[in-house]
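[1] Let me see the structure of the following:
(chains A, B, C and D, ligands or ions: 4)
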Amino acid sequence: MSIVDKTPTESADNVDAGRVRRGFFREPERFALIGVWIALIIFFVIMVPQTFPSTANLSNMLGSQAVLLILALGLIIPLRAGDYDLSIASVLTLSAVIVAALNVNQGWPVWQAAIVAVVAGFAIGVLNGFIVTKFDIDPFIVTLGIGTVVVGITYIVCNSATISGVDRILSKVMLSKPFLSIPLDFYYAVALCAVVWYLFDFTAFGQRLLFVGQNRDVARLNGVAVSRLRWIALTCSATIGAVAGVVYVGTTGSADPVSGAGFLLPAFAASFLGSTALRIGRFNPWGTLIAVYFLVTGITGLQLMGAQQYVQQLFYGGALVIAVILSKIVRSRSERKRLVK
Amino acid sequence: MSIVDKTPTESADNVDAGRVRRGFFREPERFALIGVWIALIIFFVIMVPQTFPSTANLSNMLGSQAVLLILALGLIIPLRAGDYDLSIASVLTLSAVIVAALNVNQGWPVWQAAIVAVVAGFAIGVLNGFIVTKFDIDPFIVTLGIGTVVVGITYIVCNSATISGVDRILSKVMLSKPFLSIPLDFYYAVALCAVVWYLFDFTAFGQRLLFVGQNRDVARLNGVAVSRLRWIALTCSATIGAVAGVVYVGTTGSADPVSGAGFLLPAFAASFLGSTALRIGRFNPWGTLIAVYFLVTGITGLQLMGAQQYVQQLFYGGALVIAVILSKIVRSRSERKRLVK
Amino acid sequence: GSSSSSTTSSSAAPSGSTSSSGTDAVAAAQATIDAAKAVPSAENLGTAIDVKKLAGKTIYSIPIDSKLEFYQVGEKAMKAIAEKAGLKYITFPSDGTPTSYQQGIAQAIAAKAGAILLNGPLPETLAPQIADAKAAGIPVIPLHLSDKSATPRTITPYEAFAPFNDGAKLSTLYSVVDLKGAPVKALVIEASGTGPSAGMVQTIKDTLASSAPAGSAVAAEINSQVPQWSTDIQPAVQSALLKDPSINAVIPIYDSMALFAIPGIQQAAADRTIGVYSFNGTPAVMKLIKDGTMRADVAENPDWVAYVNLDTAFRGMLDSGPIAGVSGPVRLIDASNVDETGNPPESGKGFGDAYPAAYQKLWGLG
Amino acid sequence: MSFAPPTVNGGGAVGAPTGLPLLQVSHLAKAFNGVPALREVDLEIAAGEVHGLLGANGCGKSTLIKILAGFHQADGGRVLVNGEEVPLPLGPRGLRDHGMAFVHQDLGLAPSSTVLEHMALDSYGASPGLRRVSWSSEVARVEELLARFEVRIDPHATIDTLSPVQRAMVAVVRAVGGQELLADDGESTGRILVLDEPTVFLPRDEVELLFALLRRLKAQGDSVLLVSHDLDEVLAVTDRVTVFRDGRLVGSRDTEGSTRGDIVQMILGARDEHVPHEATTVSDDAVPMLSAKSISGQRIRDLSLDLRAGEVVGVTGLAGSGFEELPELLFGARRLRSGTIEVDGRRVSRPSPGEMMALRVVLIPADRKAEGAAQGLTVVENLALPFLTGHSRGWRLRWRELRELAQTICRRLNVVPPNVELTFGNLSGGNQQKALLGKWLETEPVVMLLNEPTQGVDIGARREIFRLIRAAVSDGMAVLCATSDYEQLVEMADRVLVLQNGRLQHELTGADITKDSLAASVYSEGAA
Ligand SMILES: Nc1ncnc2c1ncn2[C@@H]1O[C@H](COP(=O)(O)OP(=O)(O)OP(=O)(O)O)[C@@H](O)[C@H]1O
Ligand SMILES: Nc1ncnc2c1ncn2[C@@H]1O[C@H](COP(=O)(O)OP(=O)(O)OP(=O)(O)O)[C@@H](O)[C@H]1O
Ligand SMILES: [Mg+2]
Ligand SMILES: [Mg+2]
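    Ligands and ions are numbered 1, 2, ... in the order given. Okay, the predicted model is just below:
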């Protein structure tokens, strides 16, 4: 921030005055997205009273998005450090295909296959990080390139065909519904959310990552090992991408070389939308979770109302833009309020 | 997260020598990509002597990439100002569908349809720019959202159907081969290249855009209307995206609501790869042109050699990464050389 | 978005198996073609069933991508037929992602549907969800996924088949007739990601080996996954034609591919006469037959297909035992009969009007 | 707001055993892209001394410090702490784990992070940092620290909401706090606090308090390395000084018994002839070039002033009095809450930088690195920016003209190196400042708004800059100069406005402008 286009979150006056409003009710704009979400839910409960509020629908909504949520959680780690990872969706696909190929074609036990898949993802992350930091190249193009290579490898692994018939165990581990008839993969995703949250808000690692993302030189002047952290972040994202791939195989019981790509843009959408909730302007796990389920709420509701598919598209895009605009407006509104008193 | 490589574009060997070095041969790394390209061409000329060097193949390679090149040229305008435009491919699709729908279903003259399409693209660009600048929101998410909305609209326009049978005139205008048996659309793309080049390197607009991309505050304190420029840049990209759509209809003679999406990542790849050639660290039109044709050279050559599909993927991704790494290595190498003398 | 097509010279079929002389082959092919050009008949549709029992039940259908023309037409037809038969019919607005199919099945189960139709999505990729449906006692019926020669899947005993291989065979034979005895050097465009692809390519190869002039063969194959058709097919076709000047026929297994292949041909081989022969009967493509850019298209009748699909669905719901090898008919469309498909061509036109009544009778509603 | 000398706790153990220097740097060399910035320099810091590091802009002071901090890697040389050699290259944490703490020239703070987050960064040392951070104890520590230094800043305030002064305080307090942490871990005995031009942002009173703190640290056996261009400060607080010139060691000497002149000679290699200027008083009835009527901004409340052709008006005051806001407010870089501005009789409704420039009003911002120029672009590109429209034929830019223009600017202000194709960021900040001043003078402005114009600029450059401004003024330019450097005001201002709590409190003119009178009025009745 600078003297230019000042939008201070605190007027300097009450900085002198000492106290900054803190605690839960500071910055209402943090809850704009949640507000819209609730409004949306109420709307659909009224419009589709019999099916929308049903447990079946709830479990459907929560379960179906676990893969996307996990992927987005992986994405926000390098994003926090200021780096895009465009290869994460390809890693998901590769990982899924590896599990299927090893388990179905090679007859490996599925958990061994899963380990191999995650290790592969880890390796790709290491490669991404190596190229980005050692040669100091924009991760956007590096991960774009490596991602394409990974797609190529995927075609080799599955030999351009869909592999089905993955061990049902995996599906059970992902989809069985022990509590509240919500599939397990949802709980995994939430658990990961908590882990990332701990990492971001309660560890030095997370703090350093934050500084790297905000200003590399400042981070270095403060003795932060910038390159190493970016490297680690990119490794995390790829590894988590691979985990998402394993979960994905569990949910479909099969793997094909193309469908994974469809997750990339939604994952980015969720990450960015999430950065407008709870901790404005910072990528954060719970915000991402809210974003994912906000979007799926709208989509599912429209589906239940029997809306045309392009309507979903209009909603998806529109919601994205409007939600972001809204959090901005609320923000500046509440700032003006703070400034006057 | 900066999307522009901010490392000094000049090495400081000429510090003590107050003499200004602006010669053509300054910074060999600027030509690394061209070097790789030539090497690639030679390789294929040797491997596939009968078909690769043929004029037919030349015209094939040059003609088939015009749409992608035009799209990438649109993309680098906001990129130079530091903004991503993820909606440009959706705009291409919408524009193509508008032309087809108006011409085929409504029976409008094709050129009128084309004008409407371009105007639509222009309008979308204005909307993008408005949201980004007025609410000061990251263009990444804005264009992602608007792009999705545009896709929805596209389905409405073409009513989800593929529309074929667009007036042959358009195809003639795009594909006839008056000189050197190279299709016209290639010449259009090159012409646009020249225009963008002039815009970037020889106009105040281009210089100001550069400053906006490098440091918004500095630009603003120097009286540059930052918001207006970013707005204009996003409008340009969408408009050019629409133009690309018109060319696309010309080359296929039909339009469907899904095709365009496939162009997005290649366009980004070309833009970023292009920023490693000629003007290192800056998005530049001729570099983009080289990048596009470097990539298609490889793909076509491999196709002519009868390589498997995955080999092409491996090449595409690998080439991207290696070319970028190479230009970095050559850079530091040549810097070291300059030091000793 | 990078290239994903491949061109591999397949070894020409052993000439021993090829038919004796070019002329015989053409004559034989011509006969088959002429038969295929006629309006198909609506006889022997299988054993009668009583659909009245199903009145009031709901059918949930999950298309690959409810936005796409092909599925919209089909879904509309099935809805009309189902409602006429007294059932409720819901099309799930899927968006092409497996996630949306999973949601679709979940919603269908939640809504206690009578049957779930998979109009495109591969059952293998939904095994866990299909198991859930089974557990809930809901039959899942894949539609229009496998050739009628295929054996039904174990997880989905009821399946509505489609004449993919007939289509591939007919479009190949048309190229034989078209080339008047010259050996066919075909460029085949496939999409290995889709179910029928492998079978159709094999059929094309067999047809060229068995019923085409000696020396006929698949000269090159391009494999392009659906998302990359728009960016990849054209340049790949251009390269293939340059690489092998002997190619004189292009056979895209689905006619939507032709829309991207044709500009490639015009670019790379404007001087050569290369016919395009395909399968599906997409109106936009049949229109190209009118203006000559496309030689022949083996058309399906989405409306008829809809009857076949629902017939299978009803049998599944009644559990009256599947009937193997039944599918909707095809009609070969070329310049001579394209006008019967309407102007501009519409899907479903040109297949006569006998079949609706026939099915009503079969279902005990007529 | 004040910045009281605290009782520093922790690590009282007086410095290293025996006379061993705490820090010993020898033959340290560093070149950037082959351009030597440091040529085999030596530096010795004894336990319990305040050591001054002096030299003209670009002589390598910050480079040395950035090497010790692990930002740059040295090309050669040795570093000994308490007599033990520390192997080069130093890791990313530099000598932090050997008891050193740094306040960098640009303070090294991230705008959108909070004070707390910055201070927390120090708490983990070199650990991989997966251990849980107890925010409650962090908050406690930070609040205690701030309280002890009587810095009234909320730990949860983000840096971008703080004034430059507050930022400087945060940086210093944080460095000291970081050292205490190390002491608690018992990791170090004598510690070294490194300050690279910490005073440029600080008003007099705060500087005094800072120095009191330094003396305290020294008293308990810790040492300080201080970079400054203000020789009075240096003479006042340091025990020894080391002087660099173009990356070479000139020498070290005790401050005791050295005169200002001696040191200037070491720095410049030339005697320093001090020329005080005689204030020119412009008659009040002369038409004002720029006049503001009851304007209000974030701090400034309903302030009116006139700038007349041919006068230099200084603005000063305490931290937070709003004087540092005035130039940006007048230039339209900050939102004008109320009031009107007239330039040359023309009324400016909603001032914006563009509009102001069109009226030939220019601003030289304080934050050179972030707001002065695009560090990644070349010198010529940066200097050409305001002249693009002037030097284009139709739409086409005349690059040759622009290049010549840039070269003349660099020559006139002897910016070294004089190569306009160089990346701007590779210029030493002092040279950056000269280049920027030259650029704006070239636009022949009627009003020039300066914010700390000679911040971190060595005496040589400083003299030149004054001379150039004076020259322009005598050709009828009006200048407003906001600074907390009284000496500067004495040297160049015809009129000085003293602000308190955003309101105009005193106005000094002509001969009344002396360091003492300024100090007096700044702290006079009504001051915070
Ligand atoms: N990262 C860098 N890249 C290129 N040149 C650099 C870099 N850092 C410093 N230099 C050059 O090294 C020389 C020394 O710079 P340094 O910042 O140490 O000067 P300084 O003594 O701090 O001057 P000042 O008093 O202005 O702070 C300068 O000429 C500067 O241009
Ligand atoms: N990443 C970089 N690339 C090139 N040069 C740099 C870079 N970072 C810093 N510099 C140069 O390093 C030198 C050190 O800058 P520093 O922050 O010490 O201030 P300075 O410019 O020396 O300050 P001043 O001249 O005001 O005392 C400057 O010349 C600066 O331009
Ligand atoms: Mg310095
Ligand atoms: Mg300095």
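
[2] ok, residue D:299 touching residue D:503?
    No: counting by CB atoms under 8 Å, residue D:299 does not reach residue D:503; the two are 9.7 Å apart. To be clear about C-beta, it is placed using only N, CA and C from the backbone, and glycine gets the same treatment.

[3] Residue D:340: helix or strand, and which one exactly?
    Using DSSP states H and E, residue D:340 falls within strand D:338-343.

[4] nope, residue A:154 is what I was after
    Residue A:154 belongs to helix A:139-158 when assigned by DSSP H and E.

[5] same for that helix, what does it pack against?
    Packing partners of helix A:139-158 (3 or more CB pairs under 8 Å, 6 or more residues apart in numbering or on different chains; DSSP states H and E): helix A:88-100, helix A:110-134, helix A:226-252, helix B:264-274, helix B:309-340.

[6] picking that back up, would you mind checking the average pLDDT for the very next helix or strand once past the strand holding residue D:340?
    Next helix or strand after strand D:338-343 toward the C-terminus (DSSP H and E): strand D:346-348. Strand D:346-348 carries an average pLDDT of 88.

[7] Sheet-wise, list the partners of strand D:346-348 with their directions.
    Sheet partners assigned to strand D:346-348 using DSSP bridges are listed as strand D:338-343 (antiparallel).

[8] What are the contacting residues of the partner strand?
    Strand D:338-343 has contacts (CB atoms under 8 Å, 6 or more residues apart in numbering or on different chains) with D:288-296, D:302-304, D:330, D:347-349, D:351, D:356, D:359, D:361, D:446-447.

[9] change it to 6 Å
    Applying CB atoms under 6 Å, 6 or more residues apart in numbering or on different chains, the contact partners of strand D:338-343 are D:290-296, D:348, D:351, D:359, D:361.

[10] Would you convert the residues you listed into TSV that also reports secondary structure?
    Shown next, in TSV, are the contacts of strand D:338-343 (DSSP: H, G, I helix; E, B strand; the rest coil):
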residue	secondary structure
D:290	strand
D:291	strand
D:292	strand
D:293	strand
D:294	strand
D:295	strand
D:296	strand
D:348	strand
D:351	coil
D:359	coil
D:361	strand
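
[11] Just send these back as TSV, with neighbour count and distance to residue D:112 too.
    What follows is the contacts of strand D:338-343, written out as TSV (neighbours: other CB atoms under 10 Å in any protein chain shown; distance: CB to CB, whole Å):
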residue	neighbour count	distance to residue D:112
D:290	24	33
D:291	18	37
D:292	24	31
D:293	15	35
D:294	11	33
D:295	21	28
D:296	16	26
D:348	20	31
D:351	23	27
D:359	20	33
D:361	28	30
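
[12] hmm, which two among these are most spread apart?
    Based on CB to CB, the longest span within these runs between D:296 and D:359 and measures 21.2 Å.

[13] tell me which element the closest residue to residue C:151 other than its chain neighbours falls in.
    Once flanking residues are discounted, residue C:151 sits nearest to residue C:324: 8.0 Å by CB to CB, 6 or more residues apart in numbering or on different chains. Assigned by DSSP H and E, residue C:324 belongs to neither a helix nor a strand.

[14] count of residues packed around residue C:324?
    By the criterion of other CB atoms under 10 Å in any protein chain shown, residue C:324 has 13 neighbours.

[15] Repeat that for residue D:254.
    Burial measure for residue D:254: 11 neighbouring residues, criterion other CB under 10 Å.

[16] quick revisit: residues making contact with the next helix or strand after the helix holding residue A:154?
    Along the chain past helix A:139-158, the next helix or strand (assigned with DSSP H and E) turns out to be strand A:163-164. For strand A:163-164, the external contacting residues (CB under 6 Å, 6+ apart) are A:100-101, A:104, A:254-255, C:124.

[17] Give the pairing partners of strand A:163-164; include direction for each.
    Partner strands for strand A:163-164, per DSSP bridges, with pairing direction: strand A:254-255 (antiparallel).

[18] Looking at the strand it pairs with now, give me its mean pLDDT.
    Taken as a whole, strand A:254-255 has an average pLDDT of 86.

[19] again with stretch C:276-292
    Stretch C:276-292 shows a mean pLDDT of 86.

[20] Name the surrounding residues that touch that stretch.
    Stretch C:276-292 has contacts (CB under 6 Å, 6+ apart) with B:162, B:164-165, C:167, C:171, C:174-175, C:250-252, C:254-256, C:258, C:294-300, C:333, C:338, C:341, C:344-347.
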